[in-house]
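> Provide a 3D model corresponding to the input given below.
(one chain, ligands or ions: 1)
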Amino acid sequence: MSDCIFCKIANKEIGALVYEDDTVAAFNDLNPQAPVHVLIIPKKHIARISDVTNGEDAALMGHMMVVANKIAAERGIAEGGYRVVANCNEDAGQSVWHIHFHLLGGRQLGWPPG
Ligand code: AMP
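This is a model prediction of the structure:
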C-alpha cells in the first residue's frame with residue numbers, strides 16, 4: 001500500500017532493514033522498549049493479525065516466527081529469553097496498520113503487560 005509506512009520500509013524507500021528475505025523484512029523499532037526491540041513484518045500488506053484467515057498467510061506468520069527466533073539468536077537473547085508480541089486493534093495498542101511482530105529482549109520483561 002503506497003501510504004503505509006511499513007510498506008515503505010519493506011520497499012527500502014525509508015529506514016534500514018536488519019533482515020530481509022523474499023517475504024519478510026525486519027528493522028529496529030524507532031522507539032525501543034528494550035535493549036533489543038525489532039519489528040518483523042510481512043512484505044505483503046496485511047493490516048492486522050485478525051485478517052490472517054487463509055493458509056498462505058498463516059504460513060507467512062509461521063515464517064515470521066522463525067525469523068524472530070533467528071534474530072533473537074543473532075542478538076544474543078535466545079538463551080536469556082525474549083518476547084514476541086503482535087498487537088491487534090486499538091484496545092491492544094496497535095498503532096501501525098501493517099502486521100508486525102515485536103521482538104523484545106535484553107532485559108527482564110514484566111508480566112502481565114500493561
Ligand atoms: P504497535 O503500537 O503495536 O502498532 O507498534 C508500532 C510500533 O512501530 C511502535 O513500537 C513504534 O515505535 C514503531 N514505529 C512506528 N513508526 C516507525 C518507523 N518509521 N520505524 C520504526 N519503527 C516505527
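> how far does the lengthiest helix in the chain sit from the chain's center?
Determined from DSSP state H, the single longest helix within the chain is helix 55-74. In terms of Cα atoms, centre = their mean, to the nearest Å, the centre of helix 55-74 is set 9 Å apart from its chain centre.
> what comes up buried for that helix?
Under the neighbour-count criterion of 16 or more other Cβ atoms under 10 Å, helix 55-74 has 57, 60-61, 63-64, 67-68, 71-72 buried. Any C-beta I mention is one placed from the backbone N, CA and C, and that applies to glycine too.
> surely Ala10 and Ile41 touch.
Yes. Ala10 lies in contact with Ile41 (Cβ atoms under 8 Å); the separation is 6.2 Å.
> residues in contact with the longest helix of the chain?
18-19, 21, 23-24, 26, 36, 38, 40-42, 44, 46, 49, 51-52, 78, 82, 84, 99, 101, 103, 105 (Cβ atoms under 8 Å, 6 or more residues apart in numbering).
> does the helix or strand immediately after it in the chain come close to the ligand?
Sequence-wise, the next helix or strand downstream of helix 55-74 (DSSP states H and E) is strand 82-85. No. Judged by Cβ under 6 Å from any ligand atom, strand 82-85 stays clear of the ligand, getting no closer than 7.4 Å.
> who in the chain is up against the ligand?
5, 15, 27, 29-31, 39, 87, 93-96.
> with respect to Pro113, which of the buried residues of helix 55-74 is nearest?
Ala68 (17.0 Å; Cβ to Cβ).
> got a pLDDT number for that closest one?
Predicted confidence (pLDDT) for Ala68: 98.
> and the longest strand for this protein?
strand 36-42 (DSSP state E).
> ok, and what's touching it?
Under Cβ under 8 Å, 6+ apart, the answer for strand 36-42 is 6, 9-10, 18-19, 23-29, 57, 60-61, 64, 67-68, 71-72, 75, 77, 82, 98-106.
> got the end-to-end distance for stretch 4-13?
11 Å (Cα to Cα, to the nearest Å).
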